[in-house]
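J.: From the sequence below, what's the structure:
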Amino acid sequence: MSENNQTETQEQKKVIKIAIVEDFKLTRVGLRCALNENSDMTVVAESEDAIEGLKLIERYKPDVVLMDLGLPGMNGIEAMMKVKEFAPNIKIIALTSHDREEEVVAALSSGASAYCLKDIDPQKLADVVRDVSIGVCWIDPVVAQLALNAFPKVENIGFLPNKSQSEGRIPLTEREFEVLKHLVTGKSNTEIAKELIVSVHTAKAHVCSILQKMCVNDRVQAAVKAVKEGMV
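T.: Next up, the predicted model:
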């Protein structure tokens, strides 16, 4: 067999290893069955919560992780950040029923390479897994505009911003600025959720995104930096 043929055979035998972290059993089983129907991929681990999921991901070292955002205990946003800490090369697909701008941005800023809604066609999901495994980023067309909305408009930042405009700018969304104001006053995620009339999960997603964008490790550091830099 020639060297070229050997290389082609090795590529053909390449199987994408997948881990699924999803708390709803019916959805988890459906995902496993649908993905395992593809000869080039196999589900090597699955979990109903993030804590166990992280252990399995560290143990089995999958190529791609399908991560639900609305998990019990530790949410998917926090779990994705932890995966990226111990295994930065693992690709993550955020799989959720939520199509809110803040959660799209939070997921992508926390390490997700793709954002898929749970009603995605199984074959399309398989294609997304293949693309993500080789480094492609993908966002469900339904929420793509939401991700674009998170970027500051040209008229707001100026085509050629001066030094004072460009230095230290942190691209928080309008809602994230609201959350940051509450962080500065010492409110908990539950209190923030109540103030903004959103779920605690959504409040956590906002906070995680804020910490990521501000390059700080915790809420206290975020509050101090916000006050020091005159952000609130």
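
J.: Domain-wise, how is this structure divided?
T.: Here the domain parsing of the chain from automatic domain parsing is 14-147, 162-227.

J.: excluding its backbone neighbours, what's nearest D218?
T.: Leaving aside its sequence neighbours, D218 sits nearest to L211 (C-beta to C-beta, 6 or more residues apart in numbering; 7.1 Å). (C-beta placed from N, C-alpha, C; glycine too.)

J.: Any idea how many residues pack against that neighbour?
T.: The number of residues packed near L211 is 19, by other C-beta atoms under 10 Å.

J.: do the same with the one 3 residues further on
T.: A total of 19 residues lie near M214 under the criterion other C-beta under 10 Å.

J.: who touches it in this structure?
T.: The neighbours of M214, taking C-beta atoms under 8 Å, 6 or more residues apart in numbering as the test, are I170, Q221, A222, K225, A226.

J.: per-stretch mean pLDDT over the domains of the chain, give me the minimum one.
T.: Lowest mean pLDDT of these: domain 162-227, a mean of 79.

J.: which residues touch stretch 57-65?
T.: If you take C-beta under 8 Å, 6+ apart as the criterion, stretch 57-65 is touched by 16-21, 44-45, 53, 83, 86-87, 90-93, 129, 132-133.

J.: still on that earlier bit, out of the contacts of M214, which one sits closest to G30?
T.: Each of those was checked against G30 using C-beta to C-beta; the closest is A222, at 38.3 Å.

J.: So which residue is smack in the middle of this structure?
T.: A107 (2.5 Å; C-alpha atoms, centre = their mean).

J.: nearest residue to that one other than its sequence neighbours?
T.: Nearest non-adjacent residue to A107, counting by C-beta to C-beta, 6+ apart: A94, 4.0 Å away.

J.: which residues sit against the strand or helix carrying K82?
T.: Here K82 sits within helix 76-86, counting by DSSP states H and E. With C-beta under 8 Å, 6+ apart as the test, helix 76-86 has contacts from 21, 50, 53-54, 57-58, 65, 67-71, 90, 92, 94, 96, 103, 106-107, 110-112, 204-205, 208-209, 212.

J.: which of those residues are buried?
T.: Buried members of these, counted by 16 or more other C-beta atoms under 10 Å: 21, 50, 53-54, 57, 65, 67-71, 90, 92, 94, 96, 103, 106-107, 110-112, 204-205, 208-209, 212.

J.: Show only the entries of these found in strands.
T.: V21, V65, M67, D68, I92, A94, T96 (DSSP state E).

J.: From E174, how far off is the second one?
T.: Which is V65. To E174, V65 is 31 Å away according to C-beta to C-beta, to the nearest Å.

J.: rewinding a little: which two among the contacts of M214 are spaced furthest apart?
T.: I170 and Q221 (13.1 Å).

J.: about what we covered before: roughly how far does the residue nearest to D218 sit from E78?
T.: Here L211 is placed at a distance of 10 Å from E78 (C-beta to C-beta).

J.: before we move on, what about V128?
T.: For V128, the distance to E78 (C-beta to C-beta) stands at 23 Å.

J.: Could you check which of those two has the larger neighbour count?
T.: V128 (23 against 19).
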